[in-house]
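Peer 1: Sharing a model prediction with you, sequence too.
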Amino acid sequence: MPDDPASGSSTAFIGRLGERLRTRRKAAGLTVQQLADRSEVSRRMLTQVELGQANPSLVTVDRLARALGTTFAALAQDEGPAELSVHLPETLPRAWGSAAGSRATLQVATSLRPPAELWEWTLQPRDAYRAQPDPSGSQELFFVVEGQLTITVEDRPPVTLGPGASARLASDRQYAYENPTDEPVRFLRVVQLSS
């Protein structure tokens, strides 16, 4: 996904993400250039993210979070009490979106490190999300609620899942989610990055 403000994340989410990144960077005693170097994200992009002027890709946010010793989920969500943390639909940020209307929402994450993240995705007809490899040993789980989800991993033949189907993916390689049909696909995704 390109780092593009038109890609659909909410303005409030982008602003909050930038503030949290800046706060954590300063608390770690890092300059913008030091964090850019550690995360392999350009200084220009990092500055735009901190100012709420860019909509970074999920991969970019993951790189920044890992360089700060935290996670995407910790930057994206307010943490509630350890016993029970409730996230209401109206408070959930859309963390990714496309011009076609596809979207990904981080529903909730565990407070463990690294956390398991529960995502809800909708891919519109003929739309796709192409991901960069996660850290070695990372995995994702999928459950298709409605529609047909096609998962492509590197140069292997694509696999299509229908409603009620589930899958596990070693996500430390190039992969993509695609919807080659004329109907939207909705699926749940659990992400477990390796530490």
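Peer 2: Everything's here; your move. Note that the structure is predicted; figures quoted are calculated from it, not measured.
Peer 1: so which strand or helix has Arg130?
Peer 2: Secondary structure assignment for Arg130, by DSSP states H and E: strand 128-131.
Peer 1: so where's the protein shaky on pLDDT?
Peer 2: For the chain, the stretches flagged by pLDDT under 70 are 1-9, 77-82, 84-94.
Peer 1: Sheet-wise, list the partners of the strand holding Arg130 with their directions.
Peer 2: Sheet partners assigned to strand 128-131 using DSSP bridges are listed as strand 175-178 (antiparallel).
Peer 1: mind exporting the strand it pairs with as CSV, just the C-alpha atoms?
Peer 2: Output of strand 175-178 as CSV, limited to C-alpha atoms (Å, rounded to 0.1, in the frame of the first residue of the first chain):
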residue,chain,number,x,y,z
TYR,A,175,2.1,-12.2,0.3
ALA,A,176,-1.2,-10.6,-0.8
TYR,A,177,-4.9,-10.7,-0.1
GLU,A,178,-7.0,-10.4,-3.2
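Peer 1: Now tell me what touches the very next helix or strand once past it from outside.
Peer 2: Sequence-wise, the next helix or strand downstream of strand 175-178 (DSSP H and E) is strand 185-192. For strand 185-192, the external contacting residues (Cβ atoms under 8 Å, 6 or more residues apart in numbering) are 104, 114, 116-123, 134, 138-149, 161, 171, 177, 179. C-betas here are computed from N, CA, C, even on glycine.
Peer 1: Just the C-alphas of strand 185-192, formatted as PDB.
Peer 2: Output of strand 185-192 as PDB, limited to C-alpha atoms (Å, rounded to 0.1, in the frame of the first residue of the first chain):
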ATOM      1  CA  VAL A 185     -15.100 -10.200   0.900                       C
ATOM      2  CA  ARG A 186     -15.100  -9.800   4.600                       C
ATOM      3  CA  PHE A 187     -12.700 -11.700   6.800                       C
ATOM      4  CA  LEU A 188     -11.100 -11.700  10.200                       C
ATOM      5  CA  ARG A 189      -7.300 -11.800  10.600                       C
ATOM      6  CA  VAL A 190      -5.200 -12.500  13.700                       C
ATOM      7  CA  VAL A 191      -1.600 -11.300  13.500                       C
ATOM      8  CA  GLN A 192       1.100 -12.800  15.700                       C
END
